[in-house]
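> Pasted the sequence and its predicted model underneath.
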Amino acid sequence: MKITVIGAGYVGLVTAACFADLGNEVLCVEKVSSKLEKLCRGISPIYEPGLSEMLQRNIKEGRIQFTDRIEEGVRFSDVIFLCVGTPQGEDGKADLSQVEEASRQIAQNMTDYKLIIEKSTVPVNTHQWVKKTVKRYIKDKSIDFDVASNPEFLREGSAIYDFMNPDRIVVGVESERARKIMEELYRPFTEKGFPLLITTPAAAELIKHASNSFLAMKISYINMIADLCEKVGADINEVADGMGYDKRIGRDFLNAGIGYGGSCFPKDVQAFIKIAEDHGLDFGLLKETEKINRSRRRKFLDRIEDVLWISKDKNIAVWGLAFKPNTDDIREAPSIDIVRELDRLGANLRLYDPKAMENFRYLFPEKENISYVEDMYDALKDADALLIITEWDQFKNADLDRVKQLMRLPIVIDGRNVYDPKMMKEKGFEYYSIGR
Ligand SMILES: NC(=O)C1=CN([C@@H]2O[C@H](COP(=O)(O)OP(=O)(O)OC[C@H]3O[C@@H](n4cnc5c(N)ncnc54)[C@H](O)[C@@H]3O)[C@@H](O)[C@H]2O)C=CC1
Ligand SMILES: O=C(O)[C@H]1O[C@H](OP(=O)(O)OP(=O)(O)OC[C@H]2O[C@@H](n3ccc(=O)[nH]c3=O)[C@H](O)[C@@H]2O)[C@H](O)[C@@H](O)[C@@H]1O
């Protein structure tokens, strides 16, 4: 099948690469010239495990191409995925200007039938607005078109695996024609037994926001339990394991820590609160979810101040800047608030992340008290404390004897519960983690 993907970000690029890898012919439209220039040279502008190799393979075999010309994208195929950004806008509402712009551009270039598929996360009933916009801007009003909702559930860091092995595929359609195209598109998945749910577009849009908000709520819930564990001397991991064995609860997303970040949970929870509000409902549960999440970063900073007494002039090593492991994405990462505050307090910070340092440097350029190191152990020389903010595997597998040897003081403040407290104590560390 021929497919057009608009927007080559984390979702668009993975969608384009995976559909190409499944044998489709894909044209990906990206308006940012620096990204496009890289893509045309076969270089992924983002880090996502396996993505570069997949892109290169499919470029070589002629199944994927890139352009910045939307008219080319509209001409190329009848199936157009909208994978543009829907960032947080004013008052926490989703900013839909990229969706509106792309819908308008598609309409202005349409000369025959198109199926426009929202893959971006959008508020319920956005498909109505996309339809209205296309109807307004289309030149030939007799041209038929459909709008479908096909939310994406991939996680950064395991995006290709998630896309290729979905728990479910959700497709919201209004016409038989659209349903048939979507079923054909996802046949390689349904043939392997992955479930495909056909719903209305409104239900599909809601499923996405409801799922993300539920997962965020699960994280805030376990973080509250972690606080309780600290008060009563229980271990949050034991509690989470004990809860997780119950199939109705499940162990996933019960990892306590410094809270969720990333480009989606924070903005999607906010947007869902606003969506409810727009329909006269007070989603207090999600407001609390958000409040708990925000307080995690402050709590971690308070812990640092409690342990070090004064952060000023202390040498602090920071391991992990990305909002989660296996990505270079730092959008809404807890590291941002933590580094900003420690910088304000006058600490000397030596930062390390396997993939996210380039992005972090844009926000925090190197200066007298902020430096970046290429080797995680170099961050530790004469350090008064080590902070762990992202649970990359290389931190889990660190040579702890070497860590201790390099540091001035063997203090580790771990925001992601990477190590076993008993083992750390035996090794002579002063070790602080979450909920244990
Ligand atoms: N990042 C993630 O893990 C997931 C994101 N989503 C949702 O998918 C959507 C996209 O997210 P990301 O890929 O993270 O965003 P992103 O910001 O990384 O990518 C969006 C891309 O679209 C491009 N773009 C915008 N308007 C365009 C236009 N008119 N023509 C051509 N290119 C255009 C932008 O330049 C940008 O490169 C959002 O709604 C997000 O909530 C859903 C599931 C997972
Ligand atoms: O809509 C989206 O963009 C995506 O949002 C999340 O994916 P993502 O943000 O990429 O990564 P997650 O693995 O969900 O982690 C999000 C944040 O929650 C934190 N987290 C996750 C799990 C956990 O148990 N505890 C916890 O603090 C992570 O550290 C991270 O900061 C969802 O998991 C995806 O299903 C969804 O498609």
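Structure received. Ligands and ions are numbered 1, 2, ... in the order given.
> Could you pull out the strands in the stretch 251-400 of the chain for me?
315-319, 348-352, 370-372, 385-388 (DSSP state E, counting those that start in this stretch).
> Which strands and helices lie in contact with the third one?
Secondary-structure packing of strand 370-372 (3 or more CB pairs under 8 Å, 6 or more residues apart in numbering; DSSP states H and E): strand 348-352, helix 357-363. C-beta coordinates here come from the backbone N, C-alpha and C atoms, glycine included.
> and of these, who's closest to ligand 1?
helix 357-363 (11.8 Å; CB to the nearest ligand atom).
> and for the closest one, what are the contacting residues?
321, 328-330, 335-336, 339, 351, 353, 372 (CB atoms under 8 Å, 6 or more residues apart in numbering).
> Can you tell me which of those residues is nearest ligand 1?
D329 (7.3 Å).
> Including mean pLDDT, could the strands of the stretch 251-400 of the chain go into CSV?
Below are the strands of the stretch 251-400 of the chain laid out as CSV (pLDDT from 0 to 100):
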stretch, mean pLDDT
strand 315-319, 98
strand 348-352, 98
strand 370-372, 98
strand 385-388, 98
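> Nearest approach to N293 belongs to which of these?
Among the strands of the stretch 251-400 of the chain, the nearest to N293 by CB to CB is strand 385-388 (18.6 Å).
> just checking, what packs against the closest one?
By 3+ CB pairs under 8 Å, 6+ apart, strand 385-388 packs against helix 284-308, strand 315-319, strand 411-414.
> That one and ligand 2, any residue contact?
No. Strand 385-388 lies out of reach of ligand 2 by CB under 6 Å from any ligand atom, never closer than 12.0 Å.
> For S311, grab phi and psi.
phi -80, psi -20 (degrees, to the nearest 10).
> I figured it hits I338, correct?
No. Assessed by CB atoms under 8 Å, S311 is found out of contact with I338, at 10.8 Å.
> burial of the residue of the stretch 1-150 of the chain at minimum distance from ligand 1, as a residue count?
The minimum distance from the stretch 1-150 of the chain to ligand 1, using CB to the nearest ligand atom, falls at G9 (1.8 Å). Per other CB atoms under 10 Å, the neighbour tally for G9 reads 19.
> Same question for E332.
17.
> sorry, back to before: now distance to L197 and mean neighbour count too, for the helices and strands packed on strand 385-388, in CSV please.
As requested, the helices and strands packed on strand 385-388 are exported to CSV (distance: least, CB to CB, whole Å; neighbours: other CB atoms under 10 Å):
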stretch, distance to L197, mean neighbour count
helix 284-308, 24, 17
strand 315-319, 40, 25
strand 411-414, 39, 23
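> residues in the protein within reach of ligand 2, list them.
Contact residues (CB under 6 Å from any ligand atom) of the chain with ligand 2: 121, 152-156, 212, 215, 219, 253-255, 257, 259-262, 264-265, 323-324.
> do that again at 5 Å, thanks
Contact residues, the chain versus ligand 2 (CB under 5 Å from any ligand atom): 153, 155-156, 219, 253, 255, 257, 260-262, 264, 323-324.
> picking up where we left off before, for the residue of the stretch 1-150 of the chain closest to ligand 1, list the residues it contacts.
So G9 contacts 46, 83-85 (CB under 8 Å, 6+ apart).
> which helix in this structure runs the most residues?
Looking across the chain with DSSP state H, the single longest helix is helix 201-232.
> Can it be said to contact ligand 1?
No. Against ligand 1, helix 201-232 shows no contacts by CB under 5 Å from any ligand atom, the least distance being 7.4 Å.
> now for that helix, which elements pack on it?
helix 126-137, strand 145-149, strand 169-172, helix 236-244, helix 265-278, helix 284-308.
> what angle sits between the fifth one and helix 201-232?
Here the directions of helix 265-278 and helix 201-232 differ by 120 degrees (axes from the mean of the first three to the mean of the last three CA atoms, to 10 degrees).
> Can you report how many residues neighbour R168?
R168 has 13 nearby residues by other CB under 10 Å.
> and if you look at I388?
Neighbours of I388 (other CB under 10 Å): 24.
> Quick one: residues contacting the closest residue to it other than its chain neighbours.
Nearest in space to I388, with sequence neighbours left out and distances taken as CB to CB, 6 or more residues apart in numbering, is D414 at 4.4 Å. By CB under 8 Å, 6+ apart, the contact set of D414 is 387-388, 431-434.
> among these, which ones are buried?
With burial judged by 16 or more other CB atoms under 10 Å, the buried subset of the contacts of D414 is 387-388, 431-434.
> Name the nearest of those relative to I236.
So of these, ranked by how close each gets to I236 (CB to CB), first place is I434, at 6.7 Å.
> Let me see the contact set for that closest one.
By CB under 8 Å, 6+ apart, the contact set of I434 is 223, 226, 230, 236, 256-258, 414-417.
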